[in-house]
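1. Predicted coordinates and the sequence they were generated for:
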Amino acid sequence: MTELTEKIVVVGSCMIDFITYSSRLPKPGETLEGSKFEQGFGGKGANQCVTAARLGASTLFVTALGSDALGHDYMKKLKDENVSTDEVLIKDKIHTGVAQIAVAETGENSIVIIKGANGLLSKNDVKNAKEKIQAASVLICQLEIPMETTLEALKLYNGHGISIMNAAPAPTDIDFDIFKLCDIFCVNEIEAEAITGIKNVSLINGQLVADSFLALGCDIIIITLGAQGVIHASQNDKRVVHAPVEPVKAVDTTGAGDAFIGALAYYLAYHKNLSLNDCIVRANKIAGYSVMKTGTQSSFPYKKDLPSELF
Ligand code: ATP
């Protein structure tokens, strides 16, 4: 039976990734011949939405594409991924968001993103999708669209379900209302450092970092720590809980954070009997599958390829 409303709504970005591979990164002013080029579908909003859809979630994506060939391609891609595109807007006279990614042999990378149409996703666009957003079980937001648009989405969803605010990429400036408007605030080590000012975020200073987020007003704080897994804490129980990952052979961790968020949203929306920690443990496993393959969306697993005990 087709569901009438989508259980997971993502309000966020779409970017086309242009990835070059070279022995090293070019110096300023230098032209370097690389060895390989790849074009991929990315953007944190899209990555998280696609992860949840591949796990079997019914998803609605509120985003903006440019009126160019890249936007056309992305629209088709989202449809192919079974994401509802009713609220995917095409903005006139602007290009689709792009990320130019240079990867060196060492794995070191440098990235320039141009938001393009993502920068035009407005408060009004979100208001126009109000009923659909409020009907969702889980809302996910990130920081690749205007901050006022993200705040509007969180405000109008407040009290309707579980909102996950993934404060990525690392903010240089953040509106402090955001901490109280979301149910779950989720960051990686770099974003945690950018917001709290605490250096070298790790398992060792995890309690201090979590306390700092709880003091800012977060109800639940989740911090992803790469191969160290995840720590989380809440206003109810301020003690940090550690959810380790099972060791896997990691070949490319790009997009692992997005896979984790999309999977967490899936478990919160579809496995309501699970505790938050159990949802995190399973989301860790899904992110673990993604690091065993190269690429971003190309590394996200499909339900059919995963062990049944994860469902
Ligand atoms: P990215 O920016 O590359 O998308 P991120 O820095 O936001 O990633 P990480 O904290 O590196 O996110 O990783 C997110 C999650 O992915 C981790 O919490 C963990 O569940 C999983 N993960 C990452 N690296 C590994 C690894 N080497 N082995 C197993 N799981 C991993």
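-> Okay, I see it. Numbers count the residues shown, from 1 in each chain.

2. Give me the pLDDT for residue 129.
-> In this prediction, residue 129 carries a pLDDT score of 97.

3. Might one say that it is in contact with residue 87?
-> Yes - judged on Cβ atoms under 8 Å, residue 129 makes contact with residue 87 at a distance of 4.6 Å. Just so you know, the C-beta spots here come from the backbone N, C-alpha and C atoms, and that holds for glycine as well.

4. Now the common contact residues for the two.
-> Counting by Cβ atoms under 8 Å, 6 or more residues apart in numbering, the contacts common to residue 129 and residue 87 are 60, 62.

5. Spatially, what comes nearest to the residue positioned nearest the centre of the chain if we skip its sequence neighbours?
-> Geometric centre of the chain, nearest residue: residue 258, 3.8 Å, by Cα atoms, centre = their mean. Nearest non-adjacent residue to residue 258, counting by Cβ to Cβ, 6 or more residues apart in numbering: residue 47, 3.6 Å away.

6. Give the helix, strand or coil label for that neighbour.
-> On the three-state scheme (DSSP: H, G, I helix; E, B strand; the rest coil), residue 47 is labelled helix.

7. if I pick it, what's in contact with it?
-> Residue 47 touches 255, 258-259, 262, 296-297, 300, counting by Cβ under 8 Å, 6+ apart.

8. that older thread, tell me which helix or strand the residue nearest to the centre of the chain sits in.
-> helix 256-270 (DSSP states H and E).

9. then that helix to CSV, C-alphas only?
-> Provided in CSV are the C-alpha atoms of helix 256-270 (Å, rounded to 0.1, in the frame of the first residue of the first chain):
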residue,chain,number,x,y,z
ALA,A,256,30.0,8.3,6.2
GLY,A,257,28.5,11.0,8.3
ASP,A,258,25.6,11.5,5.9
ALA,A,259,25.0,7.7,5.9
PHE,A,260,24.9,7.7,9.7
ILE,A,261,22.3,10.5,9.8
GLY,A,262,20.1,9.1,7.1
ALA,A,263,20.2,5.7,8.8
LEU,A,264,19.5,7.2,12.2
ALA,A,265,16.4,8.9,10.8
TYR,A,266,15.2,5.6,9.3
TYR,A,267,15.5,3.7,12.6
LEU,A,268,13.8,6.5,14.6
ALA,A,269,10.9,6.7,12.1
TYR,A,270,10.4,2.9,11.4
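
10. Output the contacting helices and strands for it.
-> If you count contacts as 3 or more Cβ pairs under 8 Å, 6 or more residues apart in numbering; DSSP states H and E, helix 256-270 packs onto strand 8-11, helix 44-54, strand 138-141, strand 162-166, strand 184-188, strand 220-224, helix 276-291.

11. In terms of pLDDT, where does the residue of the stretch 151-300 of the chain at minimum distance from the ligand sit?
-> As assessed by Cβ to the nearest ligand atom, the ligand sits closest to residue 257 within the stretch 151-300 of the chain, at 2.2 Å. In the predicted model, residue 257 carries a pLDDT score of 96.

12. Next, the contact list for the closest residue to residue 56 other than its chain neighbours, please.
-> Of all residues not flanking residue 56 in the chain, residue 303 sits nearest, at 4.7 Å (Cβ to Cβ, 6+ apart). Residue 303 is in contact with 54-56, 311, counting by Cβ under 8 Å, 6+ apart.
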